[in-house]
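Student: Requesting a structural model of the entry that follows:
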Amino acid sequence: MSKQTNLLNFLKRKEPEPATTTTDEEVMPESSTPAIEQNTFETQRTETEENEDLLSSLERDPGLRIPMWDYPYEKRDQIRRAYLKLKPYQPILKSFSFSSPDSHRRRFRSSCNWKKVNDGNNCPFITHVGGSPCSAHNNSVRAKLDLLNDRGHIRHALIAQGEEQIKRNRLRLRTSIDVVRYNDEVSKAIENPDYNAKYVASSIQKEILQIISAKVRNHIREEIGESKFCIIVDEARDEARREQMAIVLRFVDKNGSIRERFLQLVRVNDTSPTTLKRELCLVLKEHNLLVENIHGQGYDGASNMRGEWNGLQALFLADCPYAYYVHCFAHRLQLALVLCI
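Tutor: Numbering: from 1, shown residues only. Below you'll find the predicted structure:
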């Protein structure tokens, strides 16, 4: 109770001290704003000043402005938004040069409104816009609106998703620590060990992790029960350049909720379809999961995974007619981001 009281007193906002008279030698601080808030304000002012300097330094004349590809890559969208906010720019000269032959001399006039040619019927502007919503002009207008909508940029979604993922990972870590701490058997073994037991040897730590992982896999098996399930598989190399296969199961539990559970990481000799199927079947057999209950497959777009005749999905589809293959949407998003960057 005393610790909680001390913590509440520590977090409680302190009342400002009454003003005291100062002598000539004492100098009161100019501002009572905390250093962190001052740094934040200075950062905001610096960013605002940089944006103002950027807007003031942009050349409005299209013939004199710096090409977009000469700017740093990370500044190009900011430059484009700045130009769009400055509105269109039309240089008006005292006289425009002729561009037609001597027999039919023509030149541009700034006072001419080309939107009203032929009373607006079939004028050049309507021809330029086009009647289709997917015309080049309408596509450019939509691209402009999307660019101005900075909040809809994909980086904000990725940042938000990254922050949420970090919170979930930390929650899982705290939960795992609490489980180990408050589990009767584990806590007794750790808190009351033998006189020479320290549990610092790598072999002992690996054994503890293997016991915990076995319990987790058994719990996943109980969640699946006799339900149908989908397999999500991906292969990769570790730091030692050894091939590994990650296995994730997607199923509907007894409460009707869709679950995705990481089951196991298996080391494989190669990534051929036959090797992957053999190792995958061994893992399913180890957990008493029938191959016939597979009702879906999710892999990347590699030929050994999605091959129509000899790929992993074709081998499973021959044994399970309902194990339809779906190209993993996470890999699709990755490919799209790679192409955009």
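Student: contacts and neighbour counts: CA atoms only from here.
Tutor: Noted.
Student: can I see the domain layout of this structure?
Tutor: 114-152, 226-340 (automatic domain parsing).
Student: Save those as a markdown table, and put in mean pLDDT and distance to Gln78 too.
Tutor: Below are the domains of the chain laid out as a markdown table (pLDDT from 0 to 100; distance: least, CA to CA, whole Å):
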| stretch | mean pLDDT | distance to Gln78 |
| --- | --- | --- |
| domain 114-152 | 75 | 9 |
| domain 226-340 | 88 | 17 |
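Student: who wins for proximity to Pro88 among those?
Tutor: domain 114-152 (12.8 Å; CA to CA).
Student: just the strands in the stretch 101-250 of the chain please.
Tutor: Using DSSP state E, counting those that start in this stretch, the strands of the stretch 101-250 of the chain run over 229-237, 243-252.
Student: Out of the ones you listed, flag the one nearest Lys87.
Tutor: strand 229-237 (49.0 Å).
Student: in stretch 251-260, what's buried?
Tutor: 251-253 (16 or more other CA atoms under 10 Å).
Student: still on that earlier bit, most packed of the domains of the chain?
Tutor: Highest mean neighbour count among the domains of the chain (mean count of other CA atoms under 10 Å): domain 226-340, with a mean of 16.
Student: mean confidence for stretch 88-96?
Tutor: Mean pLDDT, stretch 88-96: 73.
Student: for it, how far is the first residue from the last?
Tutor: 19 Å (CA to CA, to the nearest Å).
Student: before we move on, back to that, for the domains of the chain, give me JSON lines that also has distance to Pro62.
Tutor: Shown next, in JSON lines, are the domains of the chain (distance: least, CA to CA, whole Å):
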{"stretch": "domain 114-152", "distance to Pro62": "18"}
{"stretch": "domain 226-340", "distance to Pro62": "26"}
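Student: Of the ones you listed, which is nearest Lys94?
Tutor: Of all the domains of the chain, domain 114-152 comes closest under CA to CA, at 19.3 Å.
Student: ok, back up a step: wait, which of the strands of the stretch 101-250 of the chain is closest to Gln205?
Tutor: It is, among these and with distance given as CA to CA, strand 243-252, at 22.0 Å.
Student: Relative to Asp234, how far out is Tyr325?
Tutor: For Tyr325 relative to Asp234 (CA to CA), the value is 14 Å.
Student: which neighbours do the two share?
Tutor: Residues touching both Tyr325 and Asp234 (CA atoms under 8 Å, 6 or more residues apart in numbering) are Tyr299.
Student: circling back to that earlier point, do you know which of the domains of the chain lies nearest Trp69?
Tutor: Among the domains of the chain, if distance is taken as CA to CA, the winner is domain 226-340, at 15.6 Å.
Student: picking that back up, reformat the strands of the stretch 101-250 of the chain as a markdown table; add distance to Ser57.
Tutor: A markdown table is the format used below for these (distance: least, CA to CA, whole Å):
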| stretch | distance to Ser57 |
| --- | --- |
| strand 229-237 | 48 |
| strand 243-252 | 52 |
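Student: Asp150: which of those strands is closest?
Tutor: Here strand 229-237 is closest among the strands of the stretch 101-250 of the chain (CA to CA), at 34.0 Å.
Student: quick one: contacts for Arg241?
Tutor: So Arg241 contacts nothing (CA under 8 Å, 6+ apart).
Student: Check His287 too.
Tutor: Per CA under 8 Å, 6+ apart, neighbours of His287: 218, 221.
Student: try 10 Å
Tutor: His287 makes contacts with 217-218, 220-222, 263, as judged by CA atoms under 10 Å, 6 or more residues apart in numbering.
Student: Buried ones among those residues?
Tutor: 217, 220-221, 263.
Student: farthest pair in those?
Tutor: Going by CA to CA, the pair spanning those furthest: Arg221 and Leu263, at 9.2 Å.
Student: Nice, that's everything, thank you.
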